[in-house]
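>>> how does the following fold in three dimensions:
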Amino acid sequence: QVQLVESGGGLVQPGGSLTLSCAASGSIFSINVMGWYRQAPGKQRELVATITSGHSTNYAESVKGRFTISRDNAKNTVYLQMNSLKPEDTAVYYCNVDDYKRYSWSWPSSAWGQGTQVTVSS
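All right, here's what the predicted structure looks like:
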């Protein structure tokens, strides 16, 4: 099984920036999609951004122009650069891998990280 370790969360003032990282480790043959989701208190988990192994990206409308997702395929690591943060960005941010294969013959699977708290407040 793949392990996902997230880092980079914390407290930041409105208008500030943070960068989240998520490193995947374990038996990994390939990971097609890596992404970030978030869940605010009392709300459902929602997509923030995803990126494929070919570096095609997809963003939630609410973060377009402010957040940038990137990945290092050699390190199996995905990043989320968050700029111009707003209080409504406050949430637990979860790393996700999808269409991941442990071996070449494995069925595709998915996995979630433990989450990292991002709080935007003055």
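
>>> contact partners for the nearest residue to Gly16 once chain neighbours are set aside?
When the adjacent residues along the chain are set aside, Gly16 lies closest to Leu85, with 5.4 Å between them (C-beta to C-beta, 6 or more residues apart in numbering). In this view, the C-beta of every residue, glycine as well, is placed from N, C-alpha and C. Taking C-beta atoms under 8 Å, 6 or more residues apart in numbering as the criterion, Leu85 is in contact with 12, 14-18, 66, 118, 120.

>>> go on, Met82?
Met82 makes contact with 17-20, 63, 66-67, 89, 118 under the criterion C-beta under 8 Å, 6+ apart.

>>> again with Asp99
Residues counted as contacts of Asp99 (C-beta under 8 Å, 6+ apart) are 31-33, 108, 110.

>>> switch the cut-off to 7 Å
With contacts defined as C-beta atoms under 7 Å, 6 or more residues apart in numbering, the neighbours of Asp99 are 32-33, 108.

>>> in strands, which of the residues you listed fall?
Members of the contacts of Asp99 lying in strands (criterion: DSSP state E): 32-33.

>>> which of the contacts of Asp99 has the largest number of neighbours?
When neighbours are counted by other C-beta atoms under 10 Å, Val33 leads the contacts of Asp99 with 19 neighbours.

>>> spit out the contact partners of that one.
Applying C-beta under 7 Å, 6+ apart, one finds that Val33 lies in contact with 50, 52, 97-99.

>>> what subset of these is buried?
Those of those that meet the buried threshold are 50, 52, 97-98, by 16 or more other C-beta atoms under 10 Å.

>>> tell me which two in these are the farthest apart.
Taking C-beta to C-beta, the two most distant members of these are Thr52 and Val97; they sit 11.4 Å apart.

>>> picking up where we left off before, want to throw the buried ones among the contacts of Val33 into CSV with pLDDT and distance to Leu4?
Converted to CSV, the buried ones among the contacts of Val33 look like this (pLDDT from 0 to 100; distance: C-beta to C-beta, whole Å):
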residue, pLDDT, distance to Leu4
Thr50, 98, 14
Thr52, 97, 17
Val97, 97, 7
Asp98, 94, 12
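
>>> many thanks, I have nothing further to ask.
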